[in-house]
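Chemist: coords please:
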Amino acid sequence: MNGWFLYDGECGFCLKWVRRLGPILKSRGFTPEPLQTPWVAERLKMPLSELLHDVRLLTQDGHLYSGADAYLYVAKKVWWAVPFAWLFSLPGFHGLLAAAYRKVAQNRYCISGKCQLPSR
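Modeler: So this is what the prediction gives:
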């Protein structure tokens with residue numbers, strides 16, 4: 001096992017992507033696990049409210065990658081995604097990927113139909 005891919009288990013958008021990427025993650029030695037799992041907050045020493053800001057990738061040796069960097073880490077392990085990982089690791093492109101990730105992450109509940117914005 002190489003580590004854990006940690007995601008918001010209450011987010012429909014996240015669940016959809018983890019189901020789609022699950023076989024790829026598992027074949028590379030990463031176990032998908034909800035951030036809400038009790039051991040996660042304890043191991044990462046973060047409150048759940050902070051944990052839920054981003055997907056996280058925790059490697060077996062204790063390295064933690066968050067947000068777009070978690071996806072890039074996995075992409076570097078998938079032969080057909082390596083060009084994507086290489087391109088979006090470059091300074092200007094990395095900022096673009098991080099900004100796009102942040103926008104989607106901030107709106108993921110609305111995207112999944114569980115918008116937490118107050119209704120008018």
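
Chemist: from now on I want contacts and neighbour counts done on CA atoms only, so please keep to that.
Modeler: Will do.

Chemist: can you tell me the closest non-neighbouring residue to the spatially most central residue of the chain?
Modeler: Residue closest to the average C-alpha location in the chain (C-alpha atoms, centre = their mean): residue 55, at 2.8 Å. Of all residues not flanking residue 55 in the chain, residue 7 sits nearest, at 4.8 Å (C-alpha to C-alpha, 6 or more residues apart in numbering).

Chemist: all helices for the protein, in order.
Modeler: Using DSSP state H, the helices of the chain run over 12-27, 38-44, 48-51, 68-75, 82-87, 91-106, 108-111.

Chemist: residue 61: which of those is closest?
Modeler: Closest to residue 61 of the helices of the chain, according to C-alpha to C-alpha: helix 38-44, at 12.5 Å.

Chemist: output that closest one as CSV, restricted to C-alpha atoms.
Modeler: In CSV, the C-alpha atoms belonging to helix 38-44 read as follows (Å, rounded to 0.1, in the frame of the first residue of the first chain):
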residue,chain,number,x,y,z
PRO,A,38,-12.2,9.2,12.9
TRP,A,39,-8.5,8.3,12.5
VAL,A,40,-7.9,10.9,9.8
ALA,A,41,-8.3,14.0,12.0
GLU,A,42,-6.4,12.3,14.7
ARG,A,43,-3.5,11.3,12.4
LEU,A,44,-3.3,14.6,10.6
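
Chemist: give me the buried positions along that helix.
Modeler: Within helix 38-44, the residues that qualify as buried are 40, 41, counting by 16 or more other C-alpha atoms under 10 Å.

Chemist: run the chain-centre distance for it.
Modeler: Centroid separation between helix 38-44 and its chain, computed with C-alpha atoms, centre = their mean, to the nearest Å, is 16 Å.

Chemist: likewise stretch 3-22?
Modeler: 7 Å.
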